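Q: with the input below, show me the fold.
(one chain, ligands or ions: 1)
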Amino acid sequence: MSLDTAPGCRDAPVLKERGQHEVFCGLTSIIWLHRKMQDAFFLVVGSRTCAHLLQSAAGVMIFAEPRFGTAILEETDLAGMADAHDELDREVAKLLARRPDIRQLFLVGSCPSEVIKLDLARAAERLTKVHAPHVRVLNYSGSGIETTFTQGEDTCLAAMVPVLPEADPADLVVVGALPDVVEDQLLGLIRDLGIENVRALPARRADEDFGIGPATRFILAQPFLGETASALARRGAEHLPAPFPFGERGTTAWLRVLADEFGVSPERFDEVTAAPRARAQKAVAKARETLADRSIFFFPDSQLEIPLARFLTTECGMEAMEVGTPYLHRGLVGPDLDLLEAGQISEGQDVDRQLDRCRAAQPDLTVCGLGLANPLEREGLTTKWAIELVFTPVHGYEQAGDLAELFARPLRRREVLAL
Ligand code: SF4
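A: You can find the predicted model right below:
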């Protein structure tokens, strides 16, 4: 099937469900955001549960100087018997006195801070006045009431947009926290196309800020950044919708949108992309031997589901039985929907009903959260943890083979076990 002529799912009926769903909260995104922003500190204003979540999610890492922590709300705070704002100010002052390397401080809201309506926006404003210009204090919500785990990145980046300057606007901004090596590869390709003034959001350090304005165009590298896209549009920047850069074809289509927008000649485009395209095709072909003609079922989790299903069906020969996503943002994933053929697209979740559909479908591979994977494996289904797809470098040409391998590996393991 060709990328350009596939019938697509843009107008296909969507099954909308509003029942119980099983996903991590937005605090989880701190695990990859703190690696990306090297002078940032994430201070979760939450309970001991939030602290445990962060510690266990980051459990394998040992930090000499950790860059996230939890300001624990005690019972007296929750009962309104203490002034949580005063305590927060004291904790922040102690932290910043001890850690002069911190240039950006994020106050991250949680379920408890939201339930007691602790106004972190006001706290961030007040603390910015105290600690500027050395430290910028921002706030966003990572609460499980409001956010799924990838939405934590969206609310964080959306909070950063209003403080970006107006002067010296970038021509192009690539939006989404990618591992440094992947960001370097993609920005390198874009510069080789001749688009020089390109920047990444988030920048690695606060002093690498750049301007945003009506002359700026932006392209998303992650499909879960709807709020950030709206915040950039409010600053006058123009969104360039594109398929997401997964696999050889996805990456080529993503770059082609940029090439068309910035008037790059077809010759230059081919010259820049030919070698990495060939490498990516070769790497994907190896995993395709395992994946072709196998069926896949996505539970809604990371919001990467639509672009990943597009990659697996059009580049790896898989059949998508159901593609579930927590939210279907057609303005962001529309170009991937145009290229996707799937038995069913579903939005939101009613986990019991979806489990019934999955059991009835008996897919070769099921992509789901940690909580569902073990029971489904016990029932004989082969699973892939959705969260791994967020923690692993998977974007761009050089990672296309690794991305396909992530799906091929559980199928091979199951075959070996069956011998
Ligand atoms: S923010 Fe809410 S869902 Fe997340 S760890 Fe804290 S209490 Fe749990």
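
Q: ok, now which ones touch the residue nearest to Ile190 when sequence neighbours are not counted?
A: Setting aside the residues directly before and after it, Ile190 is nearest to Val198 in space (Cβ to Cβ, 6 or more residues apart in numbering), at 5.0 Å. Yep, even glycine has a C-beta here, placed from its N, CA and C like the rest. Shown in contact with Val198 (Cβ atoms under 8 Å, 6 or more residues apart in numbering): 170-174, 187, 190-191.

Q: the same query, at a cut-off of 7 Å, please.
A: 170-172, 174, 187, 190-191 (Cβ atoms under 7 Å, 6 or more residues apart in numbering).

Q: Pro326 now?
A: 23, 148, 300, 303, 348.

Q: ok, now Ile212?
A: So Ile212 contacts 161, 164, 169, 232, 235, 237 (Cβ under 7 Å, 6+ apart).

Q: now those residues in TSV, with secondary structure?
A: Below are these laid out as TSV (DSSP: H, G, I helix; E, B strand; the rest coil):
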residue	secondary structure
Val161	helix
Leu164	coil
Pro169	strand
Leu232	helix
Arg235	coil
Ala237	coil
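
Q: what two of those are the furthest from one another?
A: Val161 and Pro169 (12.8 Å; Cβ to Cβ).

Q: which one of the contacts of Ile212 sits closest to the ligand?
A: The closest of the contacts of Ile212 to the ligand turns out to be Val161 (Cβ to the nearest ligand atom; 22.9 Å).

Q: need the residues that contact stretch 276-287.
A: Counting by Cβ under 7 Å, 6+ apart, 247-248, 252, 315-316, 397-398, 400-401, 404-405, 408 sit against stretch 276-287.

Q: relative to Ala203, how far out is the residue nearest to Ile306 when sequence neighbours are not counted?
A: Leaving aside its sequence neighbours, Ile306 sits nearest to Val333 (Cβ to Cβ, 6+ apart; 4.3 Å). Distance, Val333 to Ala203, by Cβ to Cβ, to the nearest Å: 25 Å.

Q: and if you look at Asp364?
A: Taking Cβ to Cβ, one finds Asp364 at 41 Å from Ala203.

Q: and Glu379, by the same measure?
A: Glu379 is 46 Å from Ala203, by Cβ to Cβ.

Q: neighbour-wise, which of those two wins?
A: Ala203 (19 against 11; other Cβ atoms under 10 Å).

Q: who's in contact with that one?
A: Counting by Cβ under 7 Å, 6+ apart, Ala203 has contacts Asp209.

Q: can you report how many residues lie near the residue in the stretch 1-150 of the chain that the ligand sits nearest to?
A: Closest contact between the stretch 1-150 of the chain and the ligand, by Cβ to the nearest ligand atom, is at Gly144 (2.6 Å). Counted by other Cβ under 10 Å, the residues lying close to Gly144 total 20.

Q: what pLDDT does it get?
A: Looking at Gly144, its pLDDT stands at 86.

Q: please report the distance of it from Arg409.
A: Distance from Gly144 to Arg409, by Cβ to Cβ: 30 Å.

Q: and what of Arg205?
A: Counting by Cβ to Cβ, the gap from Arg205 to Arg409 is 35 Å.

Q: can you point out the buried residues in stretch 239-250?
A: The neighbour-count check on stretch 239-250 (16 or more other Cβ atoms under 10 Å) flags 239-240, 242-250 as buried.

Q: do the same with stretch 341-359
A: For stretch 341-359, by 16+ other Cβ under 10 Å, it's 341-342, 344-351, 354-355, 357-358.

Q: quick one: secondary structure of Ser346?
A: strand.

Q: and it, what are its bridge partners?
A: Bridge pairing for Ser346 (DSSP bridges) gives the partners Leu15, Gly324.
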